[in-house]
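Asker: Any chance you can model this:
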Amino acid sequence: MAKPHTSVHLAVLVQLLLCCTLLVALAAPASASASAPVPAKAKKVTWDVEYIMWAPDCQQRVMIGINGTFPGPTITARAGELVSVTVNNKLHTEGLVIHWHGMRQVGTPWADGTASISQCAINPGESFTYEFVADKPGTFFYHGHFGMQRAAGLYGSLIVEATAEQDEPFRKDYDGGELNMLLSDWYHDNVFAQAAGLERKDKHFQWIGEPQTILINGRGQYECMLGKVNNYHRGIYKYAKTCVRDKEAKLCRDEERCERRSECGPYCPESQCAPVIFDVEPGKTYRLRIASTTTLSALNLQVEGHELTVVEADGNPVEPFTVTDIDIYSGESYSVLLTTNQIPTYYKPGAFWISVGVRGRHPKTLSATAVLRYTNSKLQWPTSAPPETPAFDDIERSKRFTYRIKALKNAVTPPPKRAMLNRTIVMLNTQTLVRGHVKWAINNVSLTLPATPYLGAYFYGLQGSAFDATGEPPNGFPDEYNIRLPPVNSSYNATLSDRVYELPYGALVDVVLQNADMLKETVSETHPWHLHGHDFWVMGYGEGRYDAKKDLPNLNTDNPPLRNTVVVFPHGWTVLRFVADNTGAWAFHCHIEPHLHMGMGAVFIEGVDKMHDLNVPKEAMMCGVIRTAAAVHLTPASRTRSTAPATPPAP
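Answerer: This next block holds a predicted model:
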């Protein structure tokens, strides 16, 4: 946490506190529901978030569940419908928030669910109601956004269906219905141990390592494979074990073991780690919705014997293209069309493996498997070995898939031209050392978060008291910086900061994500970056260091895809463009959970002069300096003056 900053605001408030303490009882909090837009229809649910004992990969662990289950309940809403979720925090020892990944929260920025940015954490024993409009159809999900709670199992699917008036352009192309697939990875170490290792100093730093299991809809099998094993996962196949029905049948007859579930295998009745089976009719086309909420892993998905036609990315239609497999990074979602056109034979009985394996990192985790089973299948299970995952280090293959994603013609508004740009921010992603701690940094600034949510600080005009508002983070990095060398070879010293970027309402902004070496020379990773409160146009990708004079004119202005998450490849760059037309405080960060925990993010403040027009519920803001000042009956700032430096011109 960044230390608070004294200011005139706080001094005045303290003086008023001494003579106006009786006003405390008169300052009734505003209702969150009164602040949100109210469409004609509303979907209301109530959730108890609590610790549960669960065995997602046949090994029982303590994790976070919702209403006693894992993953959390799937929310299905219609576009334009109001979603109302009352969250009761029954964790007892920690706060929580829930982020609705892909929902833009126009007019309801406090419902975005980001601790210290858009709201206070919901304390143990307290409740908070999230209300927001499901603003467009698509495949989305939700997850915890406090500490590393996503890695503890706090997530679930969010599906927004199109209305008859707002139909999706590819809806007529499938007649078999929809299948939902939420992908994740799972660690046996709890998130407190993971965080403690990441925060240790100097040589005592402990990376979280590779996950123990990949999960499909919250189910996986630790250290065993369903089906035959061959050179299935290059580099780790020799450790694979085929799950044995006979041995597990004995376990299933042991009532005590099955009650504990920690020793029940995937074939045991009602096992929490039983494989996911999708029953489908032959001769139909299905929409397979796929989303990834992984802690770390980039994944590859393929369905044995079937091609996949990509039609949606992050809730936006794309020009259809057909592949045998897809790469998916944490924070991304896709819809693909799959046609059940196989004819059952002796060698292909009508049951097929769905295989999900690790990409981009040296795999130490067995691939996950599920089953696509035709209703006329001759057998219950596939008889073949699951498909092999592509080579983990074939980055060029990943790039070819990513570069094929383009906006569907006439379905996505093209981006404004570069002549209209108000600002360009270049963000250098580096792993570095700060006071002996390993951190991730943007332009050598590692993000820390204040005790007071930024949204509340701006709403009440308390910026100087709540965080460092004396300036912005760097707008770029030095020309002489060598992205092919670790940062320790540079005199470019890293710091911790809770400063933010202030963007005038309506500004057109380009963000250049620049990748570089980590602490080890020649080592660079792929990072999936997610922007809250917006969809953005992915203008282009490139190799090496971004050169505005050479690269800016060559960006894709014809059909760039709209996304909310985008990757930047090793030693490369990615350019995204968005309009800052959503008043609020918005996180922009790497969606790899430990990277965000280590400071790999930034915060955009949009529409400072419009903050006072928001009807922010007080219960979302009563922490930090706002809680201290609440005794004097805080009122919104009538007009908040920007303390950021003047907006630099676009290059």
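
Asker: is it true that residue 243 touches residue 225?
Answerer: Yes - the criterion here is C-beta atoms under 8 Å, and residue 243 meets it with residue 225 at 6.7 Å. From N, CA and C alone the C-beta is placed, and that goes for glycine too.

Asker: Tell me the buried residues in the helix or strand where residue 51 lies?
Answerer: Assessed by DSSP states H and E, residue 51 sits inside strand 42-54. Neighbour-count burial for strand 42-54 flags 47, 49, 51, 52, 54 (criterion: 16 or more other C-beta atoms under 10 Å).

Asker: For it, what does the pLDDT average out to?
Answerer: Regarding strand 42-54, the rounded mean pLDDT is 95.

Asker: to the chain's geometric centre, what's the distance from it?
Answerer: Strand 42-54 sits 20 Å away from the centroid of its parent chain (C-alpha atoms, centre = their mean, to the nearest Å).

Asker: Which one of the buried residues of strand 42-54 is nearest to residue 383?
Answerer: The nearest member of these to residue 383, counting by C-beta to C-beta, is residue 54 at 31.1 Å.

Asker: Need the buried residues of strand 42-54 in JSON lines (columns: distance to residue 422).
Answerer: Formatted as JSON lines, these follow (distance: C-beta to C-beta, whole Å):
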{"residue": "47", "distance to residue 422": "40"}
{"residue": "49", "distance to residue 422": "40"}
{"residue": "51", "distance to residue 422": "47"}
{"residue": "52", "distance to residue 422": "48"}
{"residue": "54", "distance to residue 422": "48"}
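
Asker: ok so, going back, may I have the strands that pair with the strand holding residue 51, each with its orientation?
Answerer: Strand 42-54 sits in its sheet next to strand 61-66 (antiparallel), strand 82-89 (parallel), going by DSSP bridges.

Asker: could you dump those to JSON lines with mean neighbour count, mean pLDDT and distance to residue 326?
Answerer: Output for the strands paired with strand 42-54, formatted as JSON lines (neighbours: other C-beta atoms under 10 Å; pLDDT from 0 to 100; distance: least, C-beta to C-beta, whole Å):
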{"stretch": "strand 61-66", "mean neighbour count": "20", "mean pLDDT": "97", "distance to residue 326": "28"}
{"stretch": "strand 82-89", "mean neighbour count": "20", "mean pLDDT": "98", "distance to residue 326": "28"}
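
Asker: quick one, which of the ones you listed is nearest to residue 206?
Answerer: The nearest among these, by C-beta to C-beta, is strand 61-66 at 19.0 Å.

Asker: C-terminal to the closest one, what's the next element?
Answerer: Counting by DSSP H and E, the next helix or strand C-terminal to strand 61-66 is strand 75-78.

Asker: Which strands or helices does that next one pack on?
Answerer: Judged by 3 or more C-beta pairs under 8 Å, 6 or more residues apart in numbering; DSSP states H and E, strand 75-78 is in contact with strand 42-54, strand 82-89, strand 155-161.

Asker: which residue ranges form the helices in this protein?
Answerer: In the chain, the helices defined using DSSP state H lie at 8-19, 32-35, 191-198, 245-252, 255-260, 395-403, 454-459, 463-466, 548-551, 593-597, 625-629.

Asker: Out of the ones you listed, which is the most enclosed?
Answerer: Most buried of these by mean neighbour count (mean count of other C-beta atoms under 10 Å) is helix 454-459; its value is a mean of 28.

Asker: Now do that one: everything it contacts.
Answerer: 109-110, 116-120, 450, 462-463, 465-467, 500, 584-585, 603, 605, 608, 611-612, 614, 616, 620-621, 623-626, 636-637, 640 (C-beta atoms under 8 Å, 6 or more residues apart in numbering).

Asker: got the CA positions of it in PDB?
Answerer: The C-alpha trace of helix 454-459 is given here as PDB (Å, rounded to 0.1, in the frame of the first residue of the first chain):
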ATOM      1  CA  TYR A 454      -9.700   6.000  -6.600                       C
ATOM      2  CA  LEU A 455     -13.300   6.400  -7.600                       C
ATOM      3  CA  GLY A 456     -14.300   7.600  -4.100                       C
ATOM      4  CA  ALA A 457     -11.300   9.900  -3.800                       C
ATOM      5  CA  TYR A 458     -12.200  11.700  -7.000                       C
ATOM      6  CA  PHE A 459     -15.900  11.700  -6.200                       C
END
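
Asker: Provide the partner residues of the residue nearest to residue 536 when sequence neighbours are not counted in its beta bridges.
Answerer: Excluding the flanking residues, the one nearest residue 536 by C-beta to C-beta, 6 or more residues apart in numbering is residue 578, at 3.9 Å. On the basis of DSSP bridges, residue 578 is bridged to residue 509.

Asker: Residue 572 too?
Answerer: Assessed by DSSP bridges, residue 572 has beta-bridge partners residue 543.

Asker: Equivalent analysis for residue 339, please.
Answerer: residue 285.

Asker: isn't it right next to residue 287, touching?
Answerer: No - here residue 339 does not reach residue 287: they are 11.0 Å apart, not a contact under C-beta under 8 Å.

Asker: Between these two, which is the more surrounded one?
Answerer: residue 287 (23 against 19; other C-beta atoms under 10 Å).

Asker: who are the neighbours in contact with the closest residue to residue 624 other than its chain neighbours?
Answerer: Closest residue to residue 624 apart from its sequence neighbours, by C-beta to C-beta, 6+ apart: residue 452 at 2.9 Å. Neighbouring residues of residue 452 by C-beta under 8 Å, 6+ apart: 116, 462, 465, 466, 467, 623, 624, 625, 626.

Asker: what mean pLDDT does stretch 432-446 have?
Answerer: The average pLDDT for stretch 432-446 rounds to 94.

Asker: Would you mind measuring from residue 275 to residue 494?
Answerer: Residue 275 sits 45 Å away from residue 494, taking C-beta to C-beta, to the nearest Å as the criterion.

Asker: Same question for residue 521.
Answerer: On the measure of C-beta to C-beta, residue 521 and residue 494 end up 18 Å apart.

Asker: Give me the more crowded residue out of the two.
Answerer: residue 494 (23 against 12).
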